[in-house]
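Participant: Generate coordinates for the sequence data below:
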Amino acid sequence: MALDDILLECEEQMEKATDFLKQELRAVRTGRASTGLVDTLRVEVESYGTTMMLKELANLAVAEGNVVVIKPFDPGTLKDIQRAIEKSELGINPHSDGKMIRLPVPPLSTERRKQLVARVRELAEQQKVSVRGARRDANKTLDAEKKAKTLTEDDVEAGQEQIQKLTDDCCKKIDAMVEEKAKEIMEV
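Facilitator: Alright, predicted model coming up:
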């Protein structure tokens, strides 16, 4: 395997980790209402016999400043959506009128804000582990190529330096995302 291919594969794995974290952070609640809180929520739809994301089942909107409104495309899925929201870790009780669901987003207590920041840091650490795993795999591939004599020692050393630089850049990116989200959560 060529050095460029190894680096590209490593970079793609690291990019997947940061993209995943970005999606996960969208679902972490802040003091404001946002459709991002629920759009990727998995809903088990009994009538369809499958699990779907909420955004595939309903229109999502923010109304009245701090209320998320969920209007299902199929009214038969309303109960399934409501059940999924109640089972989720959102901590918001859905209010249903038979046609749509309203999620009033209450202001967060200081204690809850700190818990959410801790959760965000935990999610970030999981993705940093993924990034370091991608670095380890790429370095193993470099060592294997060196043993097979398809890459020179200089190429391997240069590749390891580039992989470490990718790892450092990715971890800085993750840290920046966490700090931004933590600031957003702690904002009253």
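
Participant: Which parts of the protein are helices?
Facilitator: Applying DSSP state H to the chain gives helices spanning 3-26, 54-57, 78-87, 110-147, 153-186.

Participant: how about these in JSON lines, adding mean neighbour count?
Facilitator: Glycine gets a C-beta too; all of them are placed from N, C-alpha and C. Formatted as JSON lines, these follow (neighbours: other Cβ atoms under 10 Å):
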{"stretch": "helix 3-26", "mean neighbour count": "17"}
{"stretch": "helix 54-57", "mean neighbour count": "18"}
{"stretch": "helix 78-87", "mean neighbour count": "18"}
{"stretch": "helix 110-147", "mean neighbour count": "16"}
{"stretch": "helix 153-186", "mean neighbour count": "16"}
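
Participant: Which among those is found nearest to Arg32?
Facilitator: Set against Arg32 and scored by Cβ to Cβ, the helices of the chain come closest in helix 153-186, at 8.6 Å.

Participant: Show me how far that closest one is from its chain's centre.
Facilitator: Mean-position distance between helix 153-186 and its chain equals 17 Å (Cα atoms, centre = their mean, to the nearest Å).

Participant: So Phe73 is in contact with Leu57, correct?
Facilitator: Yes - assessed by Cβ atoms under 8 Å, Phe73 is found in contact with Leu57 at 6.4 Å.

Participant: Quick check: the gap between the spatially most central residue of the chain and Leu123.
Facilitator: Centrality entry for the chain: nearest residue to the mean C-alpha point is Glu24, 2.1 Å, by Cα atoms, centre = their mean. Applying Cβ to Cβ, to the nearest Å, the value for Glu24 to Leu123 is 5 Å.
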